[in-house]
Structure formats: structure tokens, C-alpha cells
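# Here's my sequence, what's the structure:
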Amino acid sequence: MSDNEEMAIERTQVVCSYCGSRNIARIFRGMPAFTEELQRELDEGKVVLGGCEVEGIYPLPRYQCNDCEEEF
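Sure, this is the predicted structure:
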């Protein structure tokens, strides 16, 4: 199974703990290499950029809901 297939399966199984939506994006933190693939995933709502600096939130949220915009 490819990485993309694994991510697609993981994405469909994640449910927002706030609103119940399955329209979920993974949060990328740090300085990702900006590629055409990353741009496509950003445009499709599969990924959101979480920034480089992290303060006081542990464990860090891994996902963001595309509907209610909550991180979890």
C-alpha cells in the first residue's frame, strides 16, 4: 500500500471530536518543502500548515476540521 493510500484511509477514518465531520486535514508543522504535491493537498483541504513555533499545547493536535476549523 502506498503512502497516499494509507493517508486516504486514515483521513476517512478520522472524525472531528467537535462537530462529527469527516472533512479533516492533517496539520503540517515546521518548514515543509513547498512542492506541487503540497500545494495540491493544501488546495484540496487534505493538509493545513500549522506554523513553525509551538507554545504550550501538548500533545500537539494532529488534525484540523475543515468544517468547524477546530484542531484536535
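# surely Asn66 meets Arg22?
No: applying CB atoms under 8 Å, one finds Asn66 not in contact with Arg22, separated by 9.7 Å. Yep, even glycine has a C-beta here, placed from its N, CA and C like the rest.
# if I look at Cys65, how far off is Gly20?
Distance from Cys65 to Gly20, counting by CB to CB, to the nearest Å: 9 Å.
# out of Asn66 and Arg22, which sits in the more crowded spot?
When neighbours are counted by other CB atoms under 10 Å, Asn66 comes out ahead of the other of Asn66 and Arg22, with 16 against 13.
# Can you pull the poorly scored residue ranges out of the chain?
Along the chain, segments meeting pLDDT under 70 span 1-12, 57.
# go with 90
In the predicted model of the chain, residues 1-13, 30-32, 51-60 satisfy pLDDT under 90.
# in it, which strand has the most residues?
strand 24-28 (DSSP state E).
# tell me what the helix or strand following it is packed against?
Where DSSP states H and E defines the elements, the next helix or strand beyond strand 24-28 is helix 36-43. With contacts defined as 3 or more CB pairs under 8 Å, 6 or more residues apart in numbering; DSSP states H and E, the packing partners of helix 36-43 are strand 47-49.
# Pick out the residue closest to the middle of this structure.
Arg26 (1.2 Å; CA atoms, centre = their mean).
# surely that residue meets Arg62?
Yes: between Arg26 and Arg62 there is a contact under CB under 8 Å: 6.7 Å.
# Return the residues in contact with the closest residue in space to Cys16 that isn't next to it in sequence.
Take Cys16 and drop its neighbours on the chain: the residue closest to it by CB to CB, 6 or more residues apart in numbering is Cys65, 3.9 Å away. For Cys65, the contacting residues are 16, 18-19, 21, 23-25, 71-72, by CB atoms under 8 Å, 6 or more residues apart in numbering.
# Pick the one among the residues you listed closest to Glu41.
Ala25 (8.4 Å; CB to CB).
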